[in-house]
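Student: What follows is a protein structure lacking sequence information:
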């Protein structure tokens, strides 16, 4: 999985920390993560009506981390891609999910609930649209050091499918014209039927880092 690459960045920030003994063998030993699928308030949108996407979930630290994580911040945008023409429109320019304080001690927890307002622009064409979350920036602050992990996380994630109906302008008489050729449908890449929020990727990455550090510590001390 792509989130494993995040360890290459975060480990550089964690080498100065004294590693714990090898007491955890998997990500689940550090965090219990639950999240719900993205919920869209409407599946059929007319004109400039505003609708909403809700992202929610929770994470509980089940074992102390060997380093204090101050916060994690993910900034994203939401776009819609027409399933026939592949035209792309922006529904929300930017929204931010911040996890602060970050659960680093056993029993600490965090809850995420983000309601994202979405709106089609006036020039959008009618049709079916894939709703896509696009990552703008992802940062993790570890012991006063900022790590930009944007390039290591998924850049796009599927959020849902909606039908958009554009408002019809008042018709005006026009000279009769030959019918325009029907455009050939452009197949869209297959989108996954699930959505893993970026904050989940970050929390899991931090847990993976802890596991890697413990294994390295164990191997180094076993050979001495």
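Tutor: Sure, I can see it. The structure presented is a predicted model; accordingly, all values stated were derived computationally and were not measured. Numbering: from 1, shown residues only.
Student: Next, the contact list for residue 40, please.
Tutor: Counting by CB atoms under 8 Å, 6 or more residues apart in numbering, residue 40 makes contact with 51-53, 131, 159-160, 162. The C-beta positions use only the backbone N, C-alpha and C, and glycine is treated the same way.
Student: filter those to the buried ones?
Tutor: For the contacts of residue 40, a burial check counting by 16 or more other CB atoms under 10 Å picks out 51, 53, 131, 159-160, 162.
Student: Output the residues you listed in TSV; the columns should cover distance to residue 68, secondary structure and pLDDT.
Tutor: Shown next, in TSV, are the buried ones among the contacts of residue 40 (distance: CB to CB, whole Å; DSSP: H, G, I helix; E, B strand; the rest coil; pLDDT from 0 to 100):
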residue	distance to residue 68	secondary structure	pLDDT
51	39	strand	97
53	32	strand	95
131	36	strand	97
159	32	strand	93
160	36	strand	94
162	42	strand	97
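Student: of all these, which two lie farthest apart?
Tutor: For the buried ones among the contacts of residue 40, the maximum inter-member distance is 11.9 Å, found between 51 and 159 (CB to CB).
Student: pretty sure residue 126 is in contact with residue 168, am I right?
Tutor: No. Assessed by CB atoms under 8 Å, residue 126 is found out of contact with residue 168, at 9.0 Å.
Student: remind me which residues of the chain are low pLDDT?
Tutor: 1-28, 169-195, 198, 208-224 (pLDDT under 70).
Student: the strands in it, which residues?
Tutor: Applying DSSP state E to the chain gives strands spanning 31-35, 39-40, 44-46, 51-61, 69-82, 88-99, 109-118, 127-142, 145-148, 156-165.
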